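**Q** Give me the fold of what follows.
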Amino acid sequence: MEHECWQNAMLIELQALEENHTWDIVPCPPIVKPIGSKWVFSVKLHFDGSLDRYKARLIALGNKQEYGVDYEETFALVAKMTTVRTILAIAASQSWQLHQMDVKNAFLHGDLQEEIYMKLPSSMTTSSSHDIFILLVYVDDIIITGTDCGLITKLQQLLHATFHMKDLSQLTYFLGLEVHHQASGIFVNQHKYIQDIITLAGLEDTSSVDTPMEVNVKYRKDEGDLLNDPTLYRRLVGSLIYLTTTRPDISYAVHQVSQFMSSPWHLHLVAVRCIIRYLRGSPTHGLFFPTGSSLQLVAYSDADWVGCPDTHRSTTGWCMFLGDALISWRCKKQDHVSKSSTEAEYRAMSTGCSEIVWLRGLLKELGFPQTTSTPLHADNTSAI
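**A** Numbering: from 1, shown residues only. Just a heads-up that it's a prediction; the model follows:
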């Protein structure tokens, strides 16, 4: 807070919050225990690594709220990214334009039904006996897409008139995703994000490998020597989990190493480094959403049997295509031990069906309802 660049960022945030009438400053009732507030600072970069701006956000300390008493807006990252991929697939198929806008401050005009009291941020000079009455909720970056340029412009003007917005023009960089527009479709990758992971792991000068993990190798929870400090392991695995947003080819390998976050061993770190060395040889790989693709939903599911050597549980895997575009996938250990390969495959098909139902509802909301049944492909005759 001693640096001018961050002071200016905080001032911009506070001005926007006050202009949007985010709160009322009132005395805190003696029977109410207000939640705290905190400043979160981030350096925003362009996808090429150059400086965009310094950004400060004022947030409520949601971890101090009680379930069923206080309310906190949360977002499921997996569902959010699946929705983004679905929108990109539709936009590419229909040759829609994609525009991006950024909300300059986090609290918008969604009124809460309950009174939420929050302590004033330390940078605001006022009596400590007063607290903030929160009125509004959080919304992130906005993607606007469609074929009617006039309606898009009208919507942008409406947003500008209501909120403090920044028009980012054509969508090129969104939540760490690099969006490349081509005549044949839309290509999405996380090239810069991969380079950051390689640097974090200190593997800039190592050779690449052809596969993200060794074939037919199964990792146990306690083999070899325990890592003295698991911090780096957890940071690397957390970054790899987010990278699976555009890299389904590492999904299974990342699923394996993420099971040892609580107490990783040296052999597990070797497996993580193998994934990163694989990425070093394929940093520009990603997802392609072709132009003119059909919008028919098709699903595939599979499972191993007793794949985990520690729990003897099987692993579910499925993926969903919208025409030729891959929009959703998952790799997850099953909740129960399956007594046969048939049972393991059937459980995978069941969870795949749940995703199909959700995606059909999403497509209907987006204006592209599925007029026919969705095929689910599997390779186990008994399960079918």
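**Q** Now tell me which helix or strand of the protein has the poorest mean pLDDT.
**A** strand 130-134 (a mean of 38; mean pLDDT, DSSP states H and E).
**Q** What is the next helix or strand after that one packed up against?
**A** Downstream of strand 130-134, the next assigned helix or strand under DSSP states H and E is strand 142-146. Helices and strands in packing contact with strand 142-146 are listed as helix 77-94, strand 97-103, helix 149-162; criterion 3 or more Cβ pairs under 8 Å, 6 or more residues apart in numbering; DSSP states H and E. For every residue, glycine as well, the C-beta is placed using N, CA and C.
**Q** Let me know which of these is the nearest to His191.
**A** Smallest distance to His191 across the helices and strands packed on strand 142-146 (Cβ to Cβ): 16.7 Å, for helix 77-94.
**Q** Return that closest one as PDB; C-alpha atoms alone will do.
**A** Extracted C-alpha coordinates of helix 77-94, given in PDB (Å, rounded to 0.1, in the frame of the first residue of the first chain):
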ATOM      1  CA  LEU A  77     -14.900 -23.500 -12.200                       C
ATOM      2  CA  VAL A  78     -15.500 -26.700 -14.200                       C
ATOM      3  CA  ALA A  79     -19.100 -25.700 -15.100                       C
ATOM      4  CA  LYS A  80     -17.900 -22.200 -16.000                       C
ATOM      5  CA  MET A  81     -15.200 -23.400 -18.300                       C
ATOM      6  CA  THR A  82     -17.500 -26.000 -19.900                       C
ATOM      7  CA  THR A  83     -20.000 -23.200 -20.600                       C
ATOM      8  CA  VAL A  84     -17.200 -21.000 -22.100                       C
ATOM      9  CA  ARG A  85     -16.100 -23.900 -24.400                       C
ATOM     10  CA  THR A  86     -19.700 -24.500 -25.400                       C
ATOM     11  CA  ILE A  87     -20.200 -20.800 -26.300                       C
ATOM     12  CA  LEU A  88     -16.900 -20.900 -28.300                       C
ATOM     13  CA  ALA A  89     -18.000 -24.000 -30.200                       C
ATOM     14  CA  ILE A  90     -21.400 -22.400 -31.100                       C
ATOM     15  CA  ALA A  91     -19.700 -19.100 -32.000                       C
ATOM     16  CA  ALA A  92     -17.300 -20.900 -34.300                       C
ATOM     17  CA  SER A  93     -19.900 -23.100 -35.900                       C
ATOM     18  CA  GLN A  94     -22.300 -20.100 -36.600                       C
END
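**Q** Give me the helices and strands touching that helix, please.
**A** Packed on helix 77-94, when contacts are counted by 3+ Cβ pairs under 8 Å, 6+ apart, are strand 97-103, strand 142-146, strand 185-189, strand 286-290, strand 315-322, strand 325-333, helix 341-365.
**Q** which one of these lies closest to Leu232?
**A** Proximity to Leu232, assessed across the helices and strands packed on helix 77-94 by Cβ to Cβ, is greatest for strand 325-333 (23.5 Å).
**Q** That closest one - what's its average pLDDT?
**A** Average pLDDT, strand 325-333: 95.
**Q** Next: stretch 148-161.
**A** Rounded mean pLDDT across stretch 148-161 is 80.
**Q** Outside of that stretch itself, list whatever touches it.
**A** Residues lying outside stretch 148-161 but in contact with it, judged by Cβ atoms under 8 Å, 6 or more residues apart in numbering, are 97, 99, 101, 142, 144, 146, 165, 167.
**Q** And the residues you listed, which is closest to Arg313?
**A** Of those, the one sitting nearest to Arg313 (Cβ to Cβ) turns out to be Ile142, at 40.4 Å.
**Q** in the sheet, who's paired with the closest one?
**A** When bridges are assigned using DSSP bridges, the partners listed for Ile142 are Met101.
**Q** Now do it against Gln156, distance only.
**A** If you measure Ile142 against Gln156 using Cβ to Cβ, to the nearest Å, the figure is 10 Å.
**Q** before we move on, what about Cys353?
**A** 39 Å.
**Q** just Thr245 next, same as before
**A** Note on Thr245: its distance to Gln156, by Cβ to Cβ, is 26 Å.
**Q** ok so, going back, by mean pLDDT, show me the worst of the helices and strands packed on helix 77-94.
**A** Comparing the helices and strands packed on helix 77-94 by mean pLDDT, the weakest confidence falls on strand 142-146, with a mean of 73.
**Q** and the angle from that one to strand 97-103?
**A** For the pair strand 142-146 and strand 97-103, the angle between their directions (axes from the mean of the first three to the mean of the last three Cα atoms, to 10 degrees) equals 160 degrees.
**Q** Only the buried residues of the helix or strand encompassing Ile198, if you could.
**A** Element membership for Ile198 (DSSP H and E) is helix 191-201. By neighbour count, with 16 or more other Cβ atoms under 10 Å as the criterion, the buried positions of helix 191-201 are 191-194, 197-198, 201.
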